[in-house]
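>>> need a 3D model of the sequence below.
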Amino acid sequence: MSEVNLESKISDLSFATKANVLNVKLNFVKNLNDKTLTKNDSLLLIGKSKDLKLVPKTQLTTILSKLEIPANWYSESINYLCPEKKANDDGAKLANRTSISWLNRFSINTISAKCSRYNAPSRAHLITKIVKSNCFSDNQSILVACERRYSIACASAVARAFPLYSSKTNNNESKNPRNVTVSFIYTDNECKSPNPSDDEIACYNAIGESVRLTAKIVDTPCAEMTTDHFLQEIKNVAKELGLEPMVIEGEELNKRGFGGLYNVGKAAINPPKLVVLSNIKSGSKRNIAWVGKGIVYDTGGLCIKSRANMCGMKEDCGGAAGVLGAFYAAVKLGFEDNLHAVFCLAENAVGPNAYRPDDIIKLYSGKTVEITNTDAEGRVVLGDGVAYARKDLKADIILDMATLTGAQGIATGKYHAGLLTNSDKWEKTCIETSKACADLCFPMVFSPELHFSEFNSEVADMKNSVSNPANAASACAGLFIHSHIGSKYEGIWIHLDIASPVSDGDRATGFGVSLLNCLFGDSSLNSALKQLGPQSALPLKNDELESDE
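Model prediction:
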């Protein structure tokens, strides 16, 4: 069978395309009182005990009436779930008071306020679980009681509970969409200003849409999310934003010196691609590039993965998907600095044309790499991506995001992305911002002079795999990427390894959308993002520039 016909057969998955979108319409609004409700609809109220006690009853009077729920039941339920602490209270009994429901029409759920110093104070991860377990009707309302500064984290958590992708054949396309409407009650200053502003609602809808888009791309199997399909997703976003993507693909990559991306993806039917979206602003004070690893499927190449380790490798495009979602939200809400999204798209396939261990390839940086592990391909494609960001885009700040190493989960866990950066100030800001938006991260060791020797090669500038996997393997993988920017790069470099937080169980999380938008919130024209963004100017030059002088 010819490659053209084979490609056609692979793409023609009619059983999957019939029901590939879960029929849920998610909308954030200023006030639920304006929504049309009947007694057959459902309301879910979520919050910490301290926040639920502050919710004004007047905010719910109209809703309770529409759902035909006795007003006194609500007051008694709040007293039951959030009792005043007494000296003789049984702590074990109080701990069990987490939820109550009126015939599944009105559910109230409390979330724990316990929070260690590296967790998100919003406890947003709990919100996703509660929403997944407590949405019953085709016309569902969700009301979140929280402090204003935690609202973006909560909005992302709600959106995460409603994935878009499914190939289940029992989904009925003709059925009316499920409507999920979400609002907030802010408990700051004793609820004196409880409702969101127009700017905040615009932010929640953009972030929510972007989180779901990111998760959809990651959830979609490679047969339906090849590099060509991913390019179409990028084009869809570009069209909505009024931009035009720059695309270099196939043999053109090799001709123009992108040896890493070309060699990793050359064995696949769908060619590798470097795709760039740029939002250029006159008067920009900084030039920012977000670079995403987009390995649409990772077999491991000739260093092939085992069956158990290969399942789930559709998630290996999570970095590029997160960059696309974050870029969409940032530009849609208004971004006053130059912002570039660089997508390194490839399928690490097995075939007669696959790159091999012992091959020596030259990356866009001009440096040569001895391949010792074809399953360490993410750093190779990102080496080309970050070099392009420096050489061609002249970026002051380069942030790369990738599902890079399985060791990340061992180093920083399933909730926290591994963070590596050449700037102490940016490292601290990333950590604090991640706690505010609930896309958590934790620093890895940035010490090139101690760790880069792991890549020493006798025949090339470096190997692509460490000699000792027990020596800070995830940090070393990040340093490989950094080496293709160059030690003399004066700008800021940030690396996020999201191998574990990219998914939760069998579903993608949309990780990165909130973090990138909040981390660069000081460039946003949206007041909600500005509030969570850095409040003082961060450096554009790194404070750890290597020098022997």
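
>>> what are the ranges of the strands in the stretch 51-200 of the chain?
In the stretch 51-200 of the chain, the segments counted as strands under DSSP state E, counting those that start in this stretch are 99-102, 106-111, 139-146, 178-186.

>>> quick one: classify the closest residue to Thr368 other than its chain neighbours as helix, strand or coil.
Closest residue to Thr368 in three dimensions, ignoring its sequence neighbours and counting by CB to CB, 6 or more residues apart in numbering: Ala460, at 4.2 Å. C-beta coordinates here come from the backbone N, C-alpha and C atoms, glycine included. At Ala460 the chain is in coil, as set by DSSP: H, G, I helix; E, B strand; the rest coil.

>>> check the burial of Ala460 by counting its neighbours.
19 (other CB atoms under 10 Å).

>>> kindly report the same for Lys50.
Using other CB under 10 Å, Lys50 has 13 neighbouring residues.

>>> which of the helices or strands spans it?
Using DSSP states H and E, Lys50 sits in helix 49-52.

>>> helices and strands of the protein: which one bottoms out on pLDDT?
For the chain, counting by mean pLDDT, DSSP states H and E, helix 14-17 ranks last in confidence among helices and strands (a mean of 34).

>>> JSON lines for the strands of the stretch 51-200 of the chain, including mean pLDDT and distance to Ser467?
Output for these, formatted as JSON lines (pLDDT from 0 to 100; distance: least, CB to CB, whole Å):
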{"stretch": "strand 99-102", "mean pLDDT": "91", "distance to Ser467": "52"}
{"stretch": "strand 106-111", "mean pLDDT": "95", "distance to Ser467": "46"}
{"stretch": "strand 139-146", "mean pLDDT": "95", "distance to Ser467": "48"}
{"stretch": "strand 178-186", "mean pLDDT": "95", "distance to Ser467": "50"}
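
>>> can you redo the ones you listed as a markdown table with distance to Asp522?
Converted to a markdown table, these look like this (distance: least, CB to CB, whole Å):
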| stretch | distance to Asp522 |
| --- | --- |
| strand 99-102 | 39 |
| strand 106-111 | 29 |
| strand 139-146 | 23 |
| strand 178-186 | 22 |
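
>>> can you lay out those as CSV showing mean neighbour count?
Shown next, in CSV, are the strands of the stretch 51-200 of the chain (neighbours: other CB atoms under 10 Å):
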stretch, mean neighbour count
strand 99-102, 17
strand 106-111, 23
strand 139-146, 23
strand 178-186, 22
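
>>> show me the helices in the stretch 351-500 of the chain, by range?
Taking DSSP state H, counting those that start in this stretch as the test, the helices found in the stretch 351-500 of the chain are 378-391, 407-412, 424-437, 448-451, 473-483.

>>> list the helices and strands the last one packs on?
Put plainly, it is helix 473-483. If you count contacts as 3 or more CB pairs under 8 Å, 6 or more residues apart in numbering; DSSP states H and E, helix 473-483 packs onto helix 378-391, helix 407-412, strand 417-421, helix 448-451, strand 492-497.

>>> dump these to a markdown table, plus mean neighbour count.
Listed next are these as a markdown table, based on neighbours: other CB under 10 Å:
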| stretch | mean neighbour count |
| --- | --- |
| helix 378-391 | 27 |
| helix 407-412 | 20 |
| strand 417-421 | 26 |
| helix 448-451 | 15 |
| strand 492-497 | 28 |
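
>>> right, so of these, which gets closest to Thr36?
Closest of the helices and strands packed on helix 473-483 to Thr36 is strand 417-421, at 40.9 Å (criterion: CB to CB).

>>> just the C-alphas of stretch 178-195, formatted as PDB.
The C-alpha coordinates for stretch 178-195 follow below in PDB (Å, rounded to 0.1, in the frame of the first residue of the first chain):
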ATOM      1  CA  ARG A 178     -25.500  20.200  28.400                       C
ATOM      2  CA  ASN A 179     -25.300  23.700  29.700                       C
ATOM      3  CA  VAL A 180     -23.000  24.300  32.600                       C
ATOM      4  CA  THR A 181     -23.100  27.900  33.900                       C
ATOM      5  CA  VAL A 182     -20.500  29.000  36.500                       C
ATOM      6  CA  SER A 183     -20.300  32.100  38.700                       C
ATOM      7  CA  PHE A 184     -18.400  33.300  41.800                       C
ATOM      8  CA  ILE A 185     -19.100  34.900  45.000                       C
ATOM      9  CA  TYR A 186     -16.100  36.700  46.300                       C
ATOM     10  CA  THR A 187     -15.800  36.600  50.100                       C
ATOM     11  CA  ASP A 188     -13.100  39.300  50.400                       C
ATOM     12  CA  ASN A 189     -14.000  42.200  52.800                       C
ATOM     13  CA  GLU A 190     -17.000  40.300  54.100                       C
ATOM     14  CA  CYS A 191     -18.600  40.100  50.600                       C
ATOM     15  CA  LYS A 192     -18.800  43.800  50.100                       C
ATOM     16  CA  SER A 193     -18.100  43.300  46.300                       C
ATOM     17  CA  PRO A 194     -19.200  39.700  45.800                       C
ATOM     18  CA  ASN A 195     -19.700  39.500  42.000                       C
END
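
>>> residues in contact with it?
23-32, 35, 47, 50-51, 54-56, 59, 135, 138-149, 151, 154-155, 158, 162, 196, 200, 204, 208 (CB atoms under 8 Å, 6 or more residues apart in numbering).

>>> go again with 6 Å.
With CB atoms under 6 Å, 6 or more residues apart in numbering as the contact definition, stretch 178-195 has outside contacts at 24-32, 35, 51, 54-56, 59, 138-145, 147-148, 151, 158, 196.

>>> one more: stretch 147-162?
Contacts for stretch 147-162 (CB under 6 Å, 6+ apart): 24, 26, 120, 122, 124, 127-128, 131-132, 144, 146, 182, 184, 186-188, 204, 207-208, 211-212, 437-438, 509-510, 514.

>>> buried members of these into PyMOL, please.
Those of these that count as buried under 16 or more other CB atoms under 10 Å are selected in PyMOL with:
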select buried, resi 24+26+120+122+124+127+128+131+144+146+182+184+186+187+204+207+208+211+212+437+438+509+510+514
